[in-house]
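S.K.: return atomic coordinates for the entry below.
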Amino acid sequence: MELTRTQLIQKIYEEKERQRTLRREERNVIARNKYLQMQPMISQEGGLKANLQRVIPTHLMPVNLGELDEIMQPYHFRVSFDFGTDPQWTPTTNLKDTFQVSQNMGFLMVAISRSWKSSEWAGYKAPLKIDYIRDAQTTRQFNNNNPIMLNNIGYRGKPTMMDIPIYFTPNSVVEVSLSSFVNENWNTTGNGYQELMIEGYQIHEKNVEAVLNAIYL
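M.R.: Alright, predicted model coming up:
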């Protein structure tokens with residue numbers, strides 16, 4: 001069957017596209033091979049973790065290498081406190097929230113940060129303090145009855161790092177309390193929503209002692 005002029009042009013176009021695709025794939029394969037040839041040789045002895053320690057700097061070393069019970073992974077919890085619209089701060093203002101640690105892994109708390117919805121006295125400037133972040137079962141808490149002013153907590157990707165991390169065992173219920181420090185009533189305008197992010201690592205029980213002895217923050 002004789003092809004029409006239009007069909008012939010279409011065939012030529014399709015063949016050129018096929019050739020371009022093949023050349024592109026060939027270039028990709030060549031580039032990949034060159035990249036692999038430049039990488040350090042990895043021995044099959046010693047395992048992935050040992051091999052990586054020999055070829056990459058310490059600050060780039062992944063933390064979740066090894067057997068399942070050796071995993072340590074970054075994790076965080078969020079707790080929120082909604083004081084409503086145009087909140088009135090009083091000497092008795094107080095809200096609590098909780099989070100629960102996984103039943104499979106413990107949680108090492110290393111930092112805390114905050115966020116808000118209003119930039120005025122209802123939100124960012126709110127006269128609030130963190131009374132405690134406490135393990136409900138053991139009553140352990142990281143601030144030892146010394147409230148922390150909310151405005152001293154880091155935000156926008158710059159969390160406040162803890163001098164000494166605190167470890168919560170699997171299944172722990174952790175209570176967080178936020179209250180005002182005013183001596184008289186304050187009327188404000190804006191959104192009174194506050195949020196805290198509790199940052200740290202999930203750790204299997206088997207490795208808690210090793211992690212607490214080796215971690216540097």
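S.K.: where does the closest residue to Met105 other than its chain neighbours land in three-state SS?
M.R.: The spatially closest residue to Met105, leaving aside those adjacent along the chain, is Gln202, at 4.2 Å (Cβ to Cβ, 6 or more residues apart in numbering). C-beta: built from backbone N, CA, C; applies to glycine. For Gln202, the secondary-structure state derived from DSSP: H, G, I helix; E, B strand; the rest coil is strand.
S.K.: now the strands for this protein?
M.R.: For the chain, strands defined by DSSP state E occupy the ranges 72-85, 88-89, 94-100, 106-116, 128-135, 148-149, 154-155, 160-168, 173-180, 186-187, 191-203.
S.K.: out of these, nearest to Lys11?
M.R.: Minimum separation from Lys11 across the strands of the chain (Cβ to Cβ) falls at strand 72-85, 54.9 Å.
S.K.: name the strands paired with that closest one and say parallel or antiparallel.
M.R.: strand 191-203 (antiparallel) (DSSP bridges).
S.K.: ok, now how distant is Tyr201 from Lys158?
M.R.: According to Cβ to Cβ, to the nearest Å, Tyr201 stands 19 Å off from Lys158.
S.K.: which of those two has more neighbours?
M.R.: Legend: neighbour count by other Cβ atoms under 10 Å for Tyr201 and Lys158, higher for Tyr201 (22 against 10).
S.K.: my guess is the more buried one contacts His76, does it?
M.R.: No - assessed by Cβ atoms under 8 Å, Tyr201 is found out of contact with His76, at 9.7 Å.
S.K.: related to what we said a few turns ago, give me the neighbour count for the residue nearest to Met105.
M.R.: Using other Cβ under 10 Å, Gln202 has 19 neighbouring residues.
S.K.: what's the domain layout of the chain?
M.R.: Domain ranges of the chain: 5-59, 71-214, per automatic domain parsing.
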